[in-house]
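> Provide a 3D model corresponding to the input given below.
(2 chains)
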Amino acid sequence: MTAAPLPEHGYGLPHDVSVDGFRVDELIHFTLAAITVIFVVVAASLIWSFVKHRSGPALYSHGTRGSIGLVVGAVALVLVGVDGNLFIHTLGDMHQYFWNFKSAEAAQGAVLIEVNAHQWSWDARYPGADGRFGTPDDVITTDDIRIPVGVPVVVQLASTDVIHSLYLPNLRVKQDAVPGTITRITFQAKIPGEYEIACAQHCGPNHYKMRAVLTVLAPDAFRNWLADAGEDARRAYDPEDKEAHWGWEWRRFEP
Amino acid sequence: MSTAAQALAEAAQPIHPPPTSFWRQYVFSIDHKVIAKQFLWAGLLFLLVGGTLAMLIRWQWAYPYRPVPVIGQLFLRENGGVIGPATYQQIFTTHGLIMIFFAVTPVLIGCFGNFLIPLMIGARDMAFPKLNMYSFWTFLLSQLLVLASFFTDLGSAGAGWTTYPPLSTNVGTPGPGQTLVVAAIFVTGVSSTMGAINYVTTVIRMRAPGMGYMRLPLTMWGLWLTAILNALFVPVLGSAALLLLLDRNFGTQFFVAGASAVRGGGDPILFQHLFWIFGHPEVYILILPAWGILGDVIPFFARKPHHWYKGTVWAMVIVTVLSAMVYGHHMFMTGMSPLLGEGFMLFTLLISAPSMVVVLNWALTLWRASIRFDTPMLFALATVFVFGVGGLTGLFLADISMDLYLHDTMFVVGHFHFTMAAASFIGAMTGVYFWFPKIFGRKLDERLGKAHFWFTFVGITLVFAGQLLAGYAGQQRRLFDPFQYTFIQGLRGLNRWTSFFAFALFAGQFIFVWNFFKTLFGKAVPAGENPWQVTTLEWTATGSPPPFHNFDRIPEVVRGPHEFSNPEVRRLTGRDFAGQSEVLPGSAGPALAAARG
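Below is the predicted model of the structure:
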């Protein structure tokens, strides 16, 4: 099976294939609309001043109660209407969806994956049939992460050497992989297909090549693939190859 | 006739004879005006270096794997003139570091801080003139370290301007070039700290009689608050650089973790905390002087007092305080505690309030003004525009949800280039065109200035808008060849056009270089004491350029910095402005004027 993500059309956001990506997109569109309004209003007032007030005597004023009130009022309006709105929405989204690892892990059929980043590849580990990480039936892939559609995926991320950042543009999520710690990321795809995994953090000369493919499969196809790959993994397991045993005991999320 | 307060100030700052030897006059000078020029030259020279590096980045994105014309033949010979991935990471790393620490900082803070602080507050020199001289020579040493790094084995630093470990330790960048650059950051930090202490002390202790804090020109507020931020946070950067040097050269492991760490290792994230608690204030360190310059230049050329001066002052103070409490937004994706992340998000959103006050005050200053569109004013208005775009795009990045997608993309690059690069650079150019007559006694050519302005303003807007668009479509930053990714392949045209605009922007800067040298060494037309007809002390109480001792008599300040279009002043003098220390005919002397404020 060859991995072939398709190019994007046009200049906008890449097409969203995730369940929760629209929450990010909605905030982006709201912010874009808000700043466009602010920009147009301020720019129009400035241009009006440039055209109308270029000659003739200037008004002698250090600011009146009315004009200072206008500044304070406009700032308060933006602070509450735009900043406040963003803050409240984001708190909700982070707690309920993007950083809600507890319910993602507890969900029926949730897929758990360990990813180890290193210069310049993404190694992924699935727990295999026994459901535990760090055992001989673990499925290990390189630059090739496969997930089923429609269930939450929770990834625990580590790095061997330097800081990397797992970035899924079509799913609107990103998380750094930091040596010495394990970080988490959760997402859920809704459209099967092949999408790109990128590294977003500069990690050395070949940072630009640290590309992998995310394959979103139908649930059956994913189960079949995992079963086959588990058989292969059991046969290929080499107890002497310490480098390949980078997995760790899954860390349950404790807030 | 002088007042008692003036006599006291005179006694505290007696006139010293100017130095006569060449070395003391032009090289190892303790005169703040000469040191300012030294910083200006050093900064403009490195601006050219940093700009050239930017052109190489843009070439790579427009024509990956193709030989670079001219520069490639000179510096990349062994590679056939082609930029390779290892060279490329050095190019973007040193572009960022040079622009921030070794180009914009010396021009905005080193040059304007030095030149303007004593002249605008009415002092004869800095509080510590020798420290001032040491500050420049330490700075020059740091610049030399950066240049030297290019000639080492494996080349210069390559870990990005943020120098994140473990990439910046021997794990990722083993060459001596990275060590030299980290050392350069430490040394330039020493220089900045010396300068900052000097600026803070000078503004507190040496303001002329009558120059209360609420009569300071806004440029002084900007530079003073900047100096406070520098004094507080540059030492933190210094400590991070020092620990990193120990990690690189003495086997410690403060920031090393993962496979290369022995016995547990350290914490790479600790470096990010140290770096960004400096790094975010640094953004304001670069923008506050520009805000200050605009706060004066806009009312000067609008011929109207600054709208709600006190509001702007307090807004700048609040930004200064908040600037240290927002830095975590650079680290939203490191896996930080959600509670901590949300706190940083809250403060980041809040800091937009004082910034909006500053911008709206500019807009209201221009309302019903009598605007003169001289070159400095054009640059000032362009700064308002680019800062507005930069500030508004910051709203996306303040927010954790949107950062899930936008963090570490070209959108971030576009955003901080609009604020830190465009606003600081055009803000600095505002200052250069405005104070050039005071610094050198001659006025830059207006026609060349306006040509330079249009190239710069249109060019910068298009280039950084191109970056914003690329990032909006998801393109990550710092990619040697972005088109390895299928989803970025559609952005080839966008990247190439952005590069074309960047080349035009760069070419346009040579209009400035030509103007600069033509004015400096061409036929001399003295600018006169006050060519812009403005109010602050450097224009109204001394000549152009000012003498070694700045003021023949230390002025007594009797009014605020923006007294324009006052009908009373016009009736008494026939002019639309009154100098800060000017005694109006018919008024009962400085004492009465001081009482009236």
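
> quick one: the strands in the stretch 451-597 of chain B?
Counting by DSSP state E, counting those that start in this stretch, the stretch 451-597 of chain B has no strands at all.

> again, but for chain A
Under the criterion DSSP state E, chain A contains strands at A:111-118, A:121-126, A:139-142, A:144-148, A:153-159, A:164-168, A:173-177, A:183-187, A:193-199, A:212-217.

> and of those strands, who's closest to A:Asp93?
strand A:173-177 (11.7 Å; C-beta to C-beta). Bear in mind the C-beta positions are built from the backbone N, C-alpha and C, glycine included.

> what about the residue most central in space within chain B, which SS state?
When C-alpha atoms, centre = their mean is applied to chain B, the residue found nearest the centroid is B:Leu286 (3.7 Å). With DSSP: H, G, I helix; E, B strand; the rest coil as the basis, B:Leu286 sits in helix.

> wait, what's in contact with the closest residue to it other than its chain neighbours?
The shortest distance from B:Leu286 to any non-neighbouring residue, by C-beta to C-beta, 6 or more residues apart in numbering or on different chains, is to B:Ser424 (4.5 Å). B:Ser424 sits next to B:Val104, B:Leu108, B:Leu286, B:Ile287, B:Ala290 when contact means C-beta atoms under 8 Å, 6 or more residues apart in numbering or on different chains.

> and the gap between B:Ser424 and A:Phe87?
28 Å (C-beta to C-beta, to the nearest Å).

> now do B:Gly279
23 Å.

> B:Ser135 against B:Thr188, yeah?
No. Counting by C-beta atoms under 8 Å, B:Ser135 does not reach B:Thr188; the two are 10.1 Å apart.

> now do the contacts for residue 108.
Reading this off chain A. A:Val151.

> oops, wrong one, chain B.
B:Leu286, B:Pro289, B:Ala290, B:Ser424, B:Gly427, B:Ala428, B:Gly431.

> could I get the residues you listed as a markdown table with secondary structure and pLDDT?
As requested, these are exported to a markdown table (DSSP: H, G, I helix; E, B strand; the rest coil; pLDDT from 0 to 100):
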| residue | secondary structure | pLDDT |
| --- | --- | --- |
| B:Leu286 | helix | 93 |
| B:Pro289 | helix | 96 |
| B:Ala290 | helix | 96 |
| B:Ser424 | helix | 95 |
| B:Gly427 | helix | 96 |
| B:Ala428 | helix | 96 |
| B:Gly431 | helix | 97 |
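
> tell me which element B:His273 is part of?
In the assignment (DSSP states H and E), B:His273 maps to helix B:268-302.

> gap between that helix and the chain center?
7 Å (C-alpha atoms, centre = their mean, to the nearest Å).

> hey, what's the angle from the helix or strand following that helix to helix B:268-302? Just curious.
Later in the chain than helix B:268-302, the nearest helix or strand by DSSP H and E is helix B:309-323. Here helix B:309-323 points in a direction 170 degrees away from that of helix B:268-302 (axes from the mean of the first three to the mean of the last three C-alpha atoms, to 10 degrees).

> who touches helix B:309-323?
A:62-63, A:68, A:71, B:214, B:218, B:221-222, B:225, B:228-229, B:280-281, B:283-284, B:288, B:291-292, B:295, B:306, B:347, B:350-351, B:353-355, B:357-358, B:361, B:560, B:562.

> out of the residues you listed, which end up buried?
Burial by neighbour count, 16 or more other C-beta atoms under 10 Å in any protein chain shown: within the contacts of helix B:309-323 this picks out A:62-63, A:68, A:71, B:218, B:221-222, B:225, B:228-229, B:280-281, B:283-284, B:288, B:291-292, B:295, B:306, B:347, B:350-351, B:353-355, B:357-358, B:361, B:560, B:562.

> okay, and which of the residues you listed map to helices?
A:68, A:71, B:218, B:221-222, B:225, B:228-229, B:280-281, B:283-284, B:288, B:291-292, B:295, B:347, B:350, B:353-355, B:357-358, B:361 (DSSP state H).

> B:Gln475 contacts B:Gln489, correct?
No. If you go by C-beta under 8 Å, B:Gln475 and B:Gln489 don't touch, sitting 10.5 Å apart.
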